[in-house]
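*Asks:* What follows is a predicted protein model with its sequence.
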Amino acid sequence: MSNDPEYVRLDKWLWSIRVFKTRADATEACRGSAIKVNEQPAKAASRIRIGDTLKIRKKGITLTLKVKALIEKRVGAQKVKEYCIDQTSPAERILQQERQINAKLYKNHTLRGRPSKKQRRTMNRFKENNF
């Protein structure tokens with residue numbers, strides 16, 4: 001008998017391939033209907049198999065992953081590619097990059113009084129990029 005499991009719990013697999021930081025986060029996402037397996041809403045204890053397609057709504061974008069191999073233990077970031085195929089659309093990736101850039105621009109922004117010269121320049125850069 002081989003060591004490869006026939007199926008794995010959804011929350012455990014998502015935690016193992018580093019989509020979520022903890023299994024509790026993965027379970028909470030399942031409860032909130034943020035995860036679909038083969039276009040069907042999934043529970044944390046759902047069994048996933050090789051070839052299943054997962055749609056994960058996280059931080060405003062939808063990730064699409066195809067299960068390439070099953071795993072129960074957490075692996076390093078470099079080994080994640082061995083267990084899933086990322087099929088997320090390029091438009092979603094661009095949206096994600098724009099949000100990261102905007103978050104960096106406003107990371108230190110405070111709403112106290114009149115903006116400083118640096119803050120005004122940052123706001124102008126933001127307006128030029130988005131409008």
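*Replies:* That came in fine, so what should we check first? Residues are numbered from 1 along each chain as shown.
*Asks:* Just give me the residue closest to the centre of the protein.
*Replies:* Lys58 (4.8 Å; Cα atoms, centre = their mean).
*Asks:* can you give me the helices for the chain?
*Replies:* 10-16, 23-31, 90-105, 117-130 (DSSP state H).
*Asks:* give me phi/psi at the residue nearest to Cys30 when sequence neighbours are not counted?
*Replies:* Nearest non-adjacent residue to Cys30, counting by Cβ to Cβ, 6 or more residues apart in numbering: Ala44, 4.3 Å away. All C-beta spots, glycine's among them, are computed from the backbone N, C-alpha and C. The phi/psi pair for Ala44 (degrees, to the nearest 10) reads phi -60, psi -30.
*Asks:* Could you list the domains of the protein?
*Replies:* The record's domain parsing of the chain by automatic domain parsing lists 1-88, 89-131.
*Asks:* mean pLDDT for those: which is lowest?
*Replies:* Of all the domains of the chain, mean pLDDT reaches its minimum on domain 89-131 (a mean of 81).
*Asks:* Deepest-packed of the domains of the chain, please.
*Replies:* Highest mean neighbour count among the domains of the chain (mean count of other Cβ atoms under 10 Å): domain 1-88, with a mean of 15.
*Asks:* surely Pro5 meets Ala69?
*Replies:* No: Pro5 is beyond contact range of Ala69, at 10.1 Å (criterion: Cβ atoms under 8 Å).
*Asks:* List the residues that contact Arg99.
*Replies:* Neighbour list for Arg99: Lys59, Gly60, Ile61 [criterion: Cβ atoms under 8 Å, 6 or more residues apart in numbering].
*Asks:* Next one: it relative to Tyr106, how far apart?
*Replies:* 11 Å (Cβ to Cβ, to the nearest Å).
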